[in-house]
Every structure is written in structure tokens, then in C-alpha cells.
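>>> structure, please.
(one chain, ligands or ions: 1)
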Amino acid sequence: MKIVLIGQGGHSKVIKDIILSYKENKVIGYLDDKYKDYHYENDQFSGPISSAQNIISRIDNVKFIIGIGDNKIRKSIFEQLDLSSDYYATLIHKSAIVSPSATIESGTVIMARAVINANSLIGKQSIINTGAIVEHDNEISDFVHISPNATLTGSVTINEGAHIGAGASVIPLVSIGEWSVIGAGAAVIDDIPANCVATGVPAKLKITLQRM
Ligand SMILES: CC(=O)SCCNC(=O)CCNC(=O)[C@H](O)C(C)(C)COP(=O)(O)OP(=O)(O)OC[C@H]1O[C@@H](n2cnc3c(N)ncnc32)[C@H](O)[C@@H]1OP(=O)(O)O
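Residues are numbered from 1 along each chain as shown. Model (predicted):
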């Protein structure tokens, strides 16, 4: 696959490693708004995010990955580009374990040693980060980030844009509202409403965020 990475920060570096771990893949360029102009050198493109259409018109079968960890920024770039889901790669690290009955939608990245168990659904443009566990029958929406070593037990629901912090645990059947943030190390035992931050063991609501 010929892949263009959008974003060039820390998250993008980890994604690059996953891309290159498959010998048939190549990173053919980077789009980031730190670049003012579109540029081609040594077989690599660089340019602002708006140059995606330019790349599509020049290169066949190109795929994109939005390599940005912040859920809101990832969504706003996705909306800005307005590309069909076919233009996005879906990446799964070789050491991840993904049940044959799980569904992973386009643009999502499953990192090293993550586990996605039976009948779970992961929506589009989401991140299941290093060592995270998504147990059976989870429903994870779009633009979600499950951080390293977080554990979602059975039948958990994570709504759009929610961010589960590193090492947090969510007990069975709990639902996390849209764009809410669960602090690192929290233990979530009750449903969390939309647009909230919850921390601690057991997790308590700290603040309500501005709605998206
Ligand atoms: C590869 C990667 O890096 S993936 C990225 C993974 N990222 C994460 O896991 C980050 C998760 N984020 C957090 O845990 C953050 O601390 C948040 C979102 C919960 C809070 O962030 P902020 O709003 O900036 O809060 P801030 O740091 O100002 O702290 C506010 C209060 O919450 C407390 N607090 C912050 N985080 C936590 C936490 N995880 N658990 C318990 N208490 C916390 C602080 O001690 C402080 O308490 P005080 O008011 O009594 O002094």
C-alpha cells in the first residue's frame, strides 16, 4: 500500500513503524500544516493537509492515515478532507490479537499487543493504543482513543470522540458518553454522561467540558 501520513508528531511516528512493518507498504509522503507549500523530493511528498486532493489526482491507489492522537483534531481533519472511507488505510500491528468476529472500520489503528475480542465493533478513525484490551461485545464509536493498557471489559459502549486514559478500567455494560475523557488509572463503574471528565477509583465526575 502507498500511504500518506497526515500529522508528523509522536503518534504519527508509531503509526509509521506499523506501516513499515509490512514489507508491501510504503510511506510516500506527509501532510501537515507546518508545511506551507507542496513539495516532492527523494520520492516523498510533503505539503499542507489541503494538498490531499493534489496527491489523489497524481497517484493511483493512494491511502491516507490521520496520525494525530487528539480526537477532536482527527475529526476536524477528517471533515476538512471529506474523502470517502475507501481512501483511508486501516492498520493492525502484527502483535495485536483481533477476533475474527470483531469489526474494525476504516482509518482505525490497532497498536502493538492490543486485544480486540469476539463480536466487538471499533468505529472509524479510532485508536486502540499499545496493550489496550477491548473485551467481547464492545461497541466503540468513531474518533475514539483507548489509551495504552486501558481495559474495557465485556459489553462496554464508548461513544463518539471519547478518550479513555492510560491504564483505566471500565467494568461490564458501562457506557461512556460522547467526547468524555476518563483519567489515567481510573476505574469506571457507572455510566459517564457526554462531555465530562471523570477520574479516580471509583471514577467520579470532575468537570463538564464544552460540547463539541
Ligand atoms: C502514547 C500516549 O501518550 S497515549 C495518551 C494517553 N493519555 C492519557 O492517558 C492522559 C489522560 N489524561 C488525564 O489523566 C488527565 O490528567 C485528565 C484529562 C484527567 C485531567 O487533565 P487536566 O484537566 O489537565 O487536569 P489537571 O492536570 O489540571 O488536574 C486537575 C485535578 O485533577 C487531578 N487529576 C488529574 N488527572 C488525574 C487522574 N488521572 N486521576 C486522578 N486525579 C487526576 C489533579 O491531581 C488535579 O487535582 P486537584 O484539583 O485536587 O489539584
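>>> CA atoms for contacts and neighbours, from now on please.
OK.
>>> please report how far His136 lies from Glu160.
When Cα to Cα, to the nearest Å is the yardstick, His136 and Glu160 sit 19 Å from each other.
>>> surely Gly131 touches Ile116?
No. Contact criterion Cα atoms under 8 Å: Gly131 and Ile116 do not qualify, at 10.3 Å.
>>> isn't Asn195 up against Thr208?
Yes. In this structure Asn195 lies within contact range of Thr208 using Cα under 8 Å: 5.8 Å.
>>> the more surrounded of the two?
Neighbour count, other Cα atoms under 10 Å: between Asn195 and Thr208, Asn195 has more, with 20 against 14.
>>> higher neighbour count, Gly131 and Ile116?
The residue with more neighbours, out of Gly131 and Ile116 and counting by other Cα under 10 Å, is Ile116; that gives 28 against 22.
>>> what about Asn42, how many neighbours?
Using other Cα under 10 Å: Asn42 sits among 6 other residues.
>>> tell me the contacts of it?
If a contact means Cα atoms under 8 Å, 6 or more residues apart in numbering, then Asn42 has no contacts.
>>> go on, the one 4 residues further on?
Ser46 makes contact with Gly29, Tyr30, Leu31, Asp32, Tyr35, Asp37, Tyr38, His39, Tyr40, according to Cα under 8 Å, 6+ apart.
>>> okay, now the sheet partners of the helix or strand hosting it, with direction.
Following DSSP states H and E, the helix or strand that holds Ser46 is strand 44-47. Each strand pairing with strand 44-47, determined using DSSP bridges, is listed with its direction: strand 26-31 (parallel), strand 39-41 (antiparallel).
>>> so for the ligand, which of those strands sits nearest?
Between the ligand and the strands paired with strand 44-47, the shortest gap by Cα to the nearest ligand atom is with strand 26-31, which sits at 20.1 Å.
>>> so how far is that closest one off the chain centroid?
From the chain centre to the centre of strand 26-31 is a distance of 18 Å (Cα atoms, centre = their mean, to the nearest Å).
>>> repeat for stretch 22-30
For stretch 22-30, the distance between its averaged C-alpha position and the chain's averaged C-alpha position is 19 Å (Cα atoms, centre = their mean).
>>> how much space between Lys23 and the ligand?
Computed with Cα to the nearest ligand atom, to the nearest Å, the distance linking Lys23 and the ligand is 24 Å.
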